[in-house]
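Peer 1: Following is a predicted model, sequence given first.
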Amino acid sequence: LTTLQREANRYYGFTAQQTLDLVQTLYEKKLLTYPRTDSQFITDDMEDTARQVISIVCRQLPLFSGVSITPDIARVTDNSKVTDHHAILPTVQLEKQEVSALPQSEQKILNLVGMRLLCATGEKHTYAETQITLSCESYTFKTKGKTVVQNGWKAIEELFKASLKTKEKDDPVKSLPEVHEGDVLDSVSASVTEHFTTPPKQYTEDTLLSAMETAGNDQFDDDTEKKGLGTPATRAGIIEKLVKSGFAERKGKQLIPTQNGAALVSILPDMLTSPQLTAEWENNLTQIAKGAADPGEFLSGIEAMARELVRTHAAALDGKKDLFREEKPSVGKCPRCGSPVHEGKKNYYCSNKECAFVMWKNDRFFEERKTAFSAKIAAALLKSGKANVKKLYSPKTGKTYDGTIVLADTGGKYVNYRIEVQKN
């Protein structure tokens, strides 16, 4: 599930929760197997079913029509790597489903699951890799290049990527000139270039899910079943809770910590922000399941830790309440001072208290034209100074028309607007 959520975010921009909701819906429609799994394998007794499903995928999903593979099912069968549930697969019920009748979002998930199944069982992708080592003035230089021998499953992946609106950029394959051991190269050009390191990129849900999946894994016992932070079934909920609680916000695909999120991390004790605590608890639960540890002692330890945390940190944290503030979404930037503009109950106001910029929702200009001054219109006015609006009412003619509202701010107490009529 986590792998599917990551790829759905990377290829389609779906949040982890959206993907979980979609696979749950497809499961309830009997088109996908049980979704809340952390396995990427199936059991040995599912080989015939897998072959049947692969055939159905190639017939029923238009993206893969015409694809013909001889599946190597053995590559995805491993009883030891299937715990409660096997990998997510389309079901044989897909044969009876009119795929075009499904919502586009559900079709995308089916295509993604189908693509991974075909790639996982398709022909091997093989290539020849060449490494050249050159010596010059006592310095050694190395370079590598690849030549594809058999495209194999990569052809299916490329077919899938070609169907995306936003094209994925693959790393270009670097080919090398033909050289032989002992060759001497003359007239080689050389130049010195300057480069700078870049800071780590902000997390997307794809990269955050990956980090959650592997966080603290070196601290878990080898036989601990659940590793990382959360489980495939709960990671989406954890991310959504952070967003809804105001500790993180989405900007495009990126997840950005808010001021309150950064403040929370800065004041929490280290043991609560480290995956080591999760590892210790999961290791203890594994031992309890084996009968090698006492559950009562485990619970008593948690209670004692909670009491100690409250006793040690409660008073210190009480004085840091001023670090937190109510996070308000920004509608845009103030045209006068550049500060964020927030939406209030009756207006859109500049967050800078020394700035008098404010746009009133009940402004006479909008009321006369029987148009609600929505946040969408406000955002457009703040971004470009203009907002295209349909069905503006004309008090003179009593008719409606399409026009462009222009922000005509002169810096005074009140903000003015004017209309530009759209000409056909």
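Peer 2: That came through fine. Residues are numbered from 1 along each chain as shown.
Peer 1: residues touching Ile73, list them.
Peer 2: For Ile73, the contact set (CB atoms under 8 Å, 6 or more residues apart in numbering) comprises 47, 50-51, 121. For every residue, glycine as well, the C-beta is placed using N, CA and C.
Peer 1: Do you have the strands of the stretch 251-400 of the chain handy? List them.
Peer 2: Along the stretch 251-400 of the chain, counting by DSSP state E, counting those that start in this stretch, strands occupy 254-257, 330-333, 340-343, 347-350, 358-360, 386-393, 400-408.
Peer 1: For these, could you give me a markdown table that also reports distance to Leu134 and mean pLDDT?
Peer 2: As requested, these are exported to a markdown table (distance: least, CB to CB, whole Å; pLDDT from 0 to 100):
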| stretch | distance to Leu134 | mean pLDDT |
| --- | --- | --- |
| strand 254-257 | 41 | 91 |
| strand 330-333 | 53 | 90 |
| strand 340-343 | 55 | 91 |
| strand 347-350 | 61 | 93 |
| strand 358-360 | 65 | 94 |
| strand 386-393 | 59 | 92 |
| strand 400-408 | 62 | 92 |
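Peer 1: Identify, out of the ones you listed, the most deeply packed stretch.
Peer 2: Across the strands of the stretch 251-400 of the chain, the average number of neighbours (mean count of other CB atoms under 10 Å) peaks for strand 347-350, which reaches a mean of 20.
Peer 1: Can you name every helix or strand that that one contacts?
Peer 2: Here strand 347-350 touches strand 340-343, strand 358-360, helix 375-384, going by 3 or more CB pairs under 8 Å, 6 or more residues apart in numbering; DSSP states H and E.
Peer 1: Partner strands of it and their direction?
Peer 2: Here strand 347-350 has these sheet partners by DSSP bridges: strand 340-343 (antiparallel), strand 358-360 (antiparallel).
Peer 1: what sits against the nearest residue to Asp72 once chain neighbours are set aside?
Peer 2: Nearest non-adjacent residue to Asp72, counting by CB to CB, 6 or more residues apart in numbering: Thr121, 5.5 Å away. Neighbouring residues of Thr121 by CB under 8 Å, 6+ apart: 50, 54, 69, 71-73, 75-76.
Peer 1: same deal with Asp186?
Peer 2: Residues near Asp186 by CB under 8 Å, 6+ apart: none.
Peer 1: so it sits in a helix?
Peer 2: No - counting by DSSP: H, G, I helix; E, B strand; the rest coil, Asp186 is located in no helix; its state is coil.
Peer 1: Does Ser39 lie in a helix or a strand, and which?
Peer 2: Counting by DSSP states H and E, no helix or strand carries Ser39.
Peer 1: what about it, how many neighbours?
Peer 2: 17 (other CB atoms under 10 Å).
Peer 1: As a check, name the ranges of all helices in the protein.
Peer 2: Here the chain has its helices, by DSSP state H, at 2-12, 16-28, 47-60, 104-121, 154-162, 205-214, 235-244, 259-267, 270-273, 275-289, 295-318, 364-368, 375-384.
Peer 1: Now do the fifth one: everything it contacts.
Peer 2: What that stands for is helix 154-162. Taking CB under 8 Å, 6+ apart as the rule, helix 154-162 contacts 63-64, 67, 69, 111-112, 115, 118-119, 122, 125, 148, 151, 167-168, 170.
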